[in-house]
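> turn this into a model:
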Amino acid sequence: MSERFTKLQCLTAFFMKSPFFEQIKGWFGFTRRERRSTFILLFIICVVAGLRFIVPPPEGTVEAVALEGFVNIQDTALRKEKVIRYSKVPSSPPALKPRPVIELNTCDSSMLEALPGLGPVLSSRIIRYRNLLGGYVSAEQLREVYGLSDETFNLISKRVTADTSLVRKIEVNTAGYRDIIRLPYFTREEVSAILKYRELMGKISGPDELVENKIITKEKAEKVRLYMVY
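Numbering: from 1, shown residues only. All right, here's what the predicted structure looks like:
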């Protein structure tokens, strides 16, 4: 035993004095400060490495979320917001001002120009035709005004009215040729026939009598009924 220990001690002394050991010693040689710093660094490494075994990992798991699902959710939220935004209805709509109704037998051209589709030209024609008739008995007669389209009539028909009490009447049993022919619904032949029939009969009782004697048509009698007195 002592011989073996003596041999090992001799080998160790020989190895430590060899050039190879001097190179290793020079390579791994540290000063006292360096050894202290190295020890502290190793201690920190060991502590950090041991924390993963001491501190338990978090229980929650991370799951991947598909981008399409996120977009759909956002789109749905936006659609709901738009529906809510556009579905709001005011509790009480603002009251509309009533539009004035124009009386055709007393109005002037400036009042007519305020109506949609009527300019100075059509307004003056409506006034001239009123004077020719002796007054309007219905708003439908505006269709007879030259240049007034059906579209324009539909725009203004509910904003005009006619007072029949203001219409100028024709005394059939005393009127002359000029008084009757001014009404544009009569032709010259019809006026001449009315005067001859009145001269023959002495008096005309009404438009139905003229229709029965085939002096005027039934349709013509309805047009002139409110313009004539007997």
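
> this structure: helices as residue ranges?
Here the chain has its helices, by DSSP state H, at 2-17, 19-28, 32-54, 67-86, 109-113, 120-133, 150-156, 177-181, 188-201, 207-212, 218-224.

> could you tell me the least trusted of these?
Among the helices of the chain, helix 67-86 has the lowest mean pLDDT, at a mean of 50.

> list the contacts of stretch 194-203.
Residues from elsewhere that reach stretch 194-203 (C-beta atoms under 8 Å, 6 or more residues apart in numbering): 172-173, 177, 180, 186, 204, 210, 213, 215-216, 230. Using the backbone N, CA and C atoms, a C-beta is placed for each residue, glycine as well.

> which one of those residues is nearest to I44?
Taking C-beta to C-beta as the measure, F186 is the one of those closest to I44, at 124.3 Å.

> for the closest one, phi and psi?
Reported as degrees, to the nearest 10, the phi and psi values for F186 are phi -90, psi 140.

> ok, now how distant is the nearest residue to it once chain neighbours are set aside from P116?
Leaving out its chain neighbours, the residue that sits closest to F186 by C-beta to C-beta, 6 or more residues apart in numbering is I180, at 6.1 Å. To P116, I180 is 37 Å away according to C-beta to C-beta, to the nearest Å.

> quick one on the thing from earlier: just among the contacts of stretch 194-203, which is most surrounded?
Greatest neighbour count in these, by other C-beta atoms under 10 Å, goes to L210: 25 neighbours.
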